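**Q** Structural data only, the sequence is not supplied:
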């Protein structure tokens with residue numbers, strides 16, 4: 001749920017920025033969505049399962065377990081920010 005909200009916010013931000021500088025908003029929105037979605041998907045399938053598996057064996061790491069569950073949002077947001085700067089730098 002949080003990932004969906006974050007991807008929508010990032011897509012809207014890319015579209016609004018493209019409109020403000022007179023670029024194609026559909027392309028910018030698609031790039032913004034992919035800049036968030038692809039790293040989130042890769043992180044979710046390749047990193048999160050092994051991270052959660054190792055944290056399940058230690059019961060006193062509950063805070064790290066919740067961080068591992070939502071770390072894809074942080075990683076994908078950082079990637080989308082980098083793409084933002086690469087596309088919209090003047």
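**A** Sure, I can see it. Because the structure is predicted, anything quoted here is derived from the model rather than measured.
**Q** And the helices in this structure?
**A** Ranges of helices in the chain, per DSSP state H, are 2-20, 25-46, 48-56, 62-88.
**Q** list the helices and strands the last one packs on?
**A** The one in question is helix 62-88. In terms of contacts (3 or more Cβ pairs under 8 Å, 6 or more residues apart in numbering; DSSP states H and E), helix 62-88 is packed against helix 2-20, helix 25-46, helix 48-56. All C-beta spots, glycine's among them, are computed from the backbone N, C-alpha and C.
**Q** and what of the second one?
**A** Counting contacts by 3+ Cβ pairs under 8 Å, 6+ apart, helix 25-46 is packed against helix 2-20, helix 62-88.
**Q** Can you check what angle separates the first one from helix 25-46?
**A** In other words, helix 2-20. Helix 2-20 runs at 150 degrees relative to helix 25-46, counting by axes from the mean of the first three to the mean of the last three Cα atoms, to 10 degrees.
**Q** buried ones in helix 2-20?
**A** Of all the residues in helix 2-20, those buried under the rule 16 or more other Cβ atoms under 10 Å are 3, 6-7, 10-11, 14-15, 17-18.
**Q** Show me what the mean pLDDT comes to for that helix.
**A** For helix 2-20, mean pLDDT is 95.
**Q** same for it, what does it pack against?
**A** Contacts defined by 3+ Cβ pairs under 8 Å, 6+ apart place helix 2-20 against helix 25-46, helix 62-88.
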